[in-house]
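A.B. asks: structure for the following, please:
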Amino acid sequence: MSAKGKGAWKSGVVSGKEKTVNPLLGSQRQVGNQKTGGLLGAQKKEVKAPEVTADQATSAFTKLAPVVDMIVPKERDSGSFTASLKIPVKGAFVGIQIGATAQRTNTGAVQLGVTANVIAGATIGVATATFQLGAYLMVKGRDAREAMVMVSWVLYRQLAESNAPREVEQAWFGDKKGTAEKWDALVQKTLFAKETGNWVQVGAQVGASAKAGIGPVTGQVGGKLRMGRHYDSESIQNRKGAKSTTQKIASKLGIERGAQASLGDRMFTVIGAATFSMAIAKGSLQVTVAVRQVKDKQGATEKTSYKLHKITVTGTAQVTGMGLVAGPLARGKAVQSLLKKVCTRAQAAGNKAKKELKTETGRDAGGAIEDIDGYTGAMTLASQAVSGLSTLTTIFGLTVTGRIHISGGKTGATTTLYVAFEKITAITVNAGVFSLTAKKAERLASIEYTNGKWVAHLGELSKEIGKAKKKTSGGGKSTTSKPGTGSTGGKSGTP
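C.D. replies: Next comes the predicted model:
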């Protein structure tokens, strides 16, 4: 990953730690990150790209990172947004549908998804059939800023891996010859290091669904087929140095043109889903199976193989009255969170006061005492914020309910099971041909299993209730799974 020797650049990824220094974005995750700027300078020399600055590397997309953090501020939070435009055409309809999702895992990692589809369908009797054709983008980063940088990077790769003129790439990602390629190399070396667990997937999708209702009961079944490219440390490492057919032909003519070889493995994903809704309950079930085509460059040839990348089953259930349970739990979680913040700030103020009392210029502790007294009003603010939760339902079109969420499966070598009770805040708008739905899910309590380890969560509290099983090898030595080999929880992982 990095060169050896004095002054060599280091990725900042520390083995065994889930949250580590990110030298590309300069975000603080541990002591010693003050040297990040210097490390970035060394990195630019290593890839021979002095004109590539940290601002260029992070891209304009990082300006959206605070928005993502606001939508999913806490672990296991998730949010979704869907907007549809349906235009009637002689007994049928056509239109467009745009969707976006965001969720945060137990490690603080952020997973984003965007879909855009052209839709068409018709209603026959009590059933409505809908067909979709469009594109999707999924990305997972250790935080929101990393995720947004990788969105920019994968858009660049789509240009680089096409026959678009090189000038288009430079106009979009750089202002000097070669800048885009050097920025590309910088992102690969940092954000796609094996220890990060980051990945991006982009491609096309086609789907169909049917919805019908009889009396108070409605149901829907559907399926999707996705065909895309999956980029991660494994695919980039396996394809390093590979050349596309157009590059090989162009190089023989002495021309530096043509599509670059793809750094992503092909991913084929099948998604089946079913939902039902009635007056007293509603539920959903989704099964996802993904197969990965792996190309490993061996000398002048490439070896192609296929492997099961992921299989997951997810189900949710809501029963009338769950909102009554979700309300008190949500208030309890809010109290826990606010008390934790108050205690942390009060402790920091107390430490500051003690330090100032020991200095020549700080013998008058009045200022420090005022800081401490200032936090006594925090409990009042906490009670106001908690009581404010009960007024959420007065907002136009807003509903607050509770649901049971069960998800489990296997991604790579990681087996997960997630059982949770969540608070769902939703808003739905139907205005003729236009409809919009926005939802946010907040974990209130859960039990999670990951490769032999069980963890229980209640609000802001968590407790490990099981130890990871140790695998024994010859000689009696025991080994445990390496960190970063898979995602945490049933909802994280590749799409």
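A.B. asks: what residue ranges in the protein score low on pLDDT?
C.D. replies: Along the chain, segments meeting pLDDT under 70 span 1-60, 172-178, 247, 250-258, 297-300, 321-347, 349-397, 466-495.
A.B. asks: can you list the residues that contact stretch 302-320?
C.D. replies: Around stretch 302-320, the neighbours that count as contacts under Cβ atoms under 8 Å, 6 or more residues apart in numbering are 230, 242, 267, 269, 279-296, 401-412, 424, 490-491, 493-494. Glycine gets a C-beta too; all of them are placed from N, C-alpha and C.
A.B. asks: now with 7 Å, please.
C.D. replies: By Cβ atoms under 7 Å, 6 or more residues apart in numbering, the residues outside stretch 302-320 that reach it are 267, 280-296, 401, 403-412, 493-494.
A.B. asks: just the buried members of those?
C.D. replies: Neighbour-count burial within these applies to 267, 282-290, 292, 294-295, 401, 403, 405, 407-409, 411-412, 493-494; the criterion is 16 or more other Cβ atoms under 10 Å.
A.B. asks: contacts only, for the closest residue to Glu161 other than its chain neighbours.
C.D. replies: With Cβ to Cβ, 6 or more residues apart in numbering as the criterion, Glu161 has its nearest non-adjacent residue at 4.9 Å, and that residue is Ser262. Ser262 is in contact with 161, 229, 239, counting by Cβ under 7 Å, 6+ apart.
A.B. asks: filter the contacts of stretch 302-320 down to just the ones in strands.
C.D. replies: Those of the contacts of stretch 302-320 mapping onto strands are 267, 281-296, 401, 403-411, per DSSP state E.
A.B. asks: now Ala185: phi and psi?
C.D. replies: phi -60, psi -40 (degrees, to the nearest 10).
A.B. asks: could you measure from Ser277 over to Ala129?
C.D. replies: The gap separating Ser277 from Ala129 is 18 Å, by Cβ to Cβ, to the nearest Å.
A.B. asks: and Gly228, by the same measure?
C.D. replies: Applying Cβ to Cβ, the value for Gly228 to Ala129 is 25 Å.
A.B. asks: which stretches in this protein count as helices?
C.D. replies: 36-46, 54-58, 65-71, 144-160, 166-173, 179-191, 233-238, 245-252, 322-357, 366-374, 378-388 (DSSP state H).
A.B. asks: how much space between Gly412 and Ala438?
C.D. replies: On the measure of Cβ to Cβ, Gly412 and Ala438 end up 32 Å apart.
A.B. asks: how is this structure partitioned into domains?
C.D. replies: 48-316+433-479, 325-394 (automatic domain parsing).
A.B. asks: can you tell me the closest non-neighbouring residue to Lys282?
C.D. replies: Per Cβ to Cβ, 6+ apart, closest to Lys282 is Gln318, 5.0 Å.
A.B. asks: can you tell me how far the one you found is from Ala441?
C.D. replies: 11 Å.
A.B. asks: number of residues surrounding Glu195?
C.D. replies: 20 (other Cβ atoms under 10 Å).
A.B. asks: typo on my end, it should be Lys248
C.D. replies: By other Cβ under 10 Å, the residues close to Lys248 number 11.
A.B. asks: please apply the same query to Trp199.
C.D. replies: With other Cβ under 10 Å as criterion, Trp199 counts 23.
A.B. asks: who's it bridged to?
C.D. replies: Lys140 (DSSP bridges).
A.B. asks: and Gln286, by the same measure?
C.D. replies: Ala273, Thr314.
A.B. asks: then Val221?
C.D. replies: Beta-bridge partners of Val221, as defined by DSSP bridges: Ala210, Ala274.
A.B. asks: start at 892 instead
C.D. replies: In the new count, where the first residue is 892, that last one comes out as Val1112.
A.B. asks: I'd say it and Thr1166 touch.
C.D. replies: No: using Cβ atoms under 7 Å, Val1112 makes no contact with Thr1166, being 8.1 Å away.
A.B. asks: the more surrounded of Gly1119 and Ala1020?
C.D. replies: Gly1119 (22 against 16).
A.B. asks: how many neighbours does the closest residue to the more buried one other than its chain neighbours have?
C.D. replies: Nearest non-adjacent residue to Gly1119, counting by Cβ to Cβ, 6+ apart: Gly1094, 1.9 Å away. Here the count is done by other Cβ under 10 Å, and Gly1094 has 19 residues near it.
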